[in-house]
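J.: Quick one: sequence and predicted model below, then my questions.
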Amino acid sequence: MAVKPVPRRFYRRDPRDVAPELLNKLLVRGHRVARIVEAEAYVGSIDPGSHAFKGMTNRNATMFGPAGHLYVYFTYGMHWCSNAVCGDEGVGLAVLLRAASPLSGQEEMRANRGPLAGRDRDLCSGPAKLCQAFGIDGAFDGADVVKGDRGVVIGDDGTPPPTSPGVSRRVGLSLGHGDEYEWRWFVAGDPNVSRVNPGKPVDRTKRTRPGRGQDGVSPG
DNA sequence: ACCGGGATGTTCT
DNA sequence: GAACATCCCGGTG
């Protein structure tokens, strides 16, 4: 079956309904095509884990825009991650695209990811890997994936979402910041899923970066 | 398998 | 100045 863009009405709903149905849809950019196998819902003002929890800022403004656009953000000083904006305008809802199964264009993905990404399952098995493989960065923030703005489309080839997707808590949130909600869905058994089990939420009370440049001591 | 830690810089308080 | 919707590597079982 031919690939058709997922219509905008699909996104104009609660992201907790959109995320599981986004499984088995296609992320398409030029020759690169991958089947989405993992997604998380971020639920705006009721969700401490969401960038939109505290309202609109310069960074998250796209989340408050119309559904069916990409919200692309930069994190940890080096990674881009992308979401599909959901719900009604002005609310701040989104689904994070966490992992996908490469179908074509793997060589281009591998060129973007670097020599360390040997196997196909290393190309898109995480939100930042997926963006790197597809070359999605800040320039794609706001791109309309229904119209195919900037060459990126989320498409449907007729494959239905799984009848019984895997469900779990979300990945990478800190304790007390919405980590308890089971708003992650994935294609059970797919090797491209980032983690079978997200494990414990991150305890950020432990120092992970011992003081750098303290007491005026400069390195080198 | 699990866990610890480093890379890196933008965003928000 | 702390936190951060991550990833990769190396150590230990």
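T.: It's in.
J.: Tell me which stretches of chain A form strands.
T.: A:4-5, A:26-29, A:32-43, A:70-75, A:79-86, A:93-104, A:152-156, A:166-168, A:184-186 (DSSP state E).
J.: What pLDDT is listed against A:Val196?
T.: pLDDT recorded at A:Val196 is 86.
J.: tally of neighbours for it?
T.: 12 (other CB atoms under 10 Å). Heads up, the C-betas are built off the backbone N, CA and C, glycines and all.
J.: Next, the contact list for it, please.
T.: Contacts for A:Val196 (CB atoms under 8 Å, 6 or more residues apart in numbering) come out as A:Gly166.
J.: what residue ranges in chain A are flagged as low confidence?
T.: Residue ranges of chain A with pLDDT under 70: A:205-220.
J.: What is the neighbour count of the closest residue to A:Gly135 other than its chain neighbours?
T.: Nearest non-adjacent residue to A:Gly135, counting by CB to CB, 6 or more residues apart in numbering: A:Asn112, 5.6 Å away. Using other CB under 10 Å, A:Asn112 is surrounded by 17 other residues.
J.: Now distance to DNA strand C and mean neighbour count too, for the strands of chain A, in CSV please.
T.: As requested, the strands of chain A are exported to CSV (distance: least, CB to the nearest atom of the strand, whole Å; neighbours: other CB atoms under 10 Å):
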stretch, distance to DNA strand C, mean neighbour count
strand A:4-5, 22, 16
strand A:26-29, 14, 23
strand A:32-43, 4, 26
strand A:70-75, 5, 20
strand A:79-86, 5, 24
strand A:93-104, 3, 26
strand A:152-156, 15, 20
strand A:166-168, 13, 16
strand A:184-186, 10, 25
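J.: between these, which gets nearest to DNA strand B?
T.: Among the strands of chain A, the nearest to DNA strand B by CB to the nearest atom of the strand is strand A:70-75 (5.1 Å).
J.: residues making contact with that closest one?
T.: Applying CB under 8 Å, 6+ apart, the contact partners of strand A:70-75 are A:51, A:59-60, A:62-63, A:80-85, A:94, A:128, A:131, A:136-138, A:140-143, A:145, A:152.
J.: partners of the most centrally placed residue in chain A in the sheet?
T.: Geometric centre of chain A, nearest residue: A:Leu97, 2.5 Å, by CA atoms, centre = their mean. When bridges are called by DSSP bridges, A:Leu97 pairs up with A:Ala39.
J.: That one contacts A:Ser82, doesn't it?
T.: Yes - taking CB atoms under 8 Å as the definition, A:Leu97 is a contact partner of A:Ser82 at 5.4 Å.
J.: Quickly list what's touching both of those two.
T.: A:127, A:130.
J.: returning to that earlier point: for the residue nearest to the centre of chain A, what are its contacts?
T.: A:22, A:27, A:36, A:39, A:81-84, A:127, A:130.
J.: same thing but 10 Å
T.: A:19, A:22, A:25, A:27, A:34, A:36-40, A:70, A:81-84, A:124, A:127, A:130-131, A:134, A:136, A:154 (CB atoms under 10 Å, 6 or more residues apart in numbering).
J.: A:Val3 now?
T.: A:Val3 touches A:25-26, A:28, A:33, A:153-158, counting by CB under 10 Å, 6+ apart.
J.: Against A:Ser164, how distant is it?
T.: Distance of A:Val3 to A:Ser164, computed by CB to CB, to the nearest Å: 25 Å.
J.: cool, and A:Asp122?
T.: Taking CB to CB, one finds A:Asp122 at 27 Å from A:Ser164.
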